[in-house]
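Visitor: how does the following fold in three dimensions:
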Amino acid sequence: MLRLEGPMPAPRVSRILIQVCTALAEAHRLGIVHRDIKPENGYPLGRGRTDVAKVLDFGLAKLLEPRDQSEITSSG
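Guide: All right, here's what the predicted structure looks like:
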């Protein structure tokens, strides 16, 4: 995105980061920890005021307290 559009204005960066933080807060509220947050896993869609941020790759996510045994998965 930076290569195509150049540096982003601070208000746009703020809108994207607020959405990423809100998504992570909701995951935490549900007892899920992402464990691999990095720039590549926060993906903005749209342009300018219409940006919608998506948080991707919950592959390393962990449930803090599984509600029952059917929610626990294992490798493989």
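
Visitor: what does the lowest-mean-pLDDT helix or strand in the chain contact?
Guide: Scoring the helices and strands of the chain by mean pLDDT, DSSP states H and E places strand 42-45 at the bottom, with a mean of 78. With Cβ atoms under 8 Å, 6 or more residues apart in numbering as the test, strand 42-45 has contacts from 1, 16-17, 20, 51-56. All C-beta spots, glycine's among them, are computed from the backbone N, C-alpha and C.

Visitor: if you set the cut-off to 6 Å instead, what comes out?
Guide: Residues outside strand 42-45 that contact it (Cβ atoms under 6 Å, 6 or more residues apart in numbering) are 16, 20, 51-56.

Visitor: same for whichever helix or strand comes after that strand, what does it pack against?
Guide: Scanning forward in sequence from strand 42-45 by DSSP states H and E, the next helix or strand is strand 52-55. Applying 3 or more Cβ pairs under 6 Å, 6 or more residues apart in numbering; DSSP states H and E, we find strand 52-55 packed against helix 10-29, strand 42-45.

Visitor: reformat these as TSV; add distance to Glu65 and mean neighbour count.
Guide: Converted to TSV, the helices and strands packed on strand 52-55 look like this (distance: least, Cβ to Cβ, whole Å; neighbours: other Cβ atoms under 10 Å):
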stretch	distance to Glu65	mean neighbour count
helix 10-29	12	13
strand 42-45	26	16
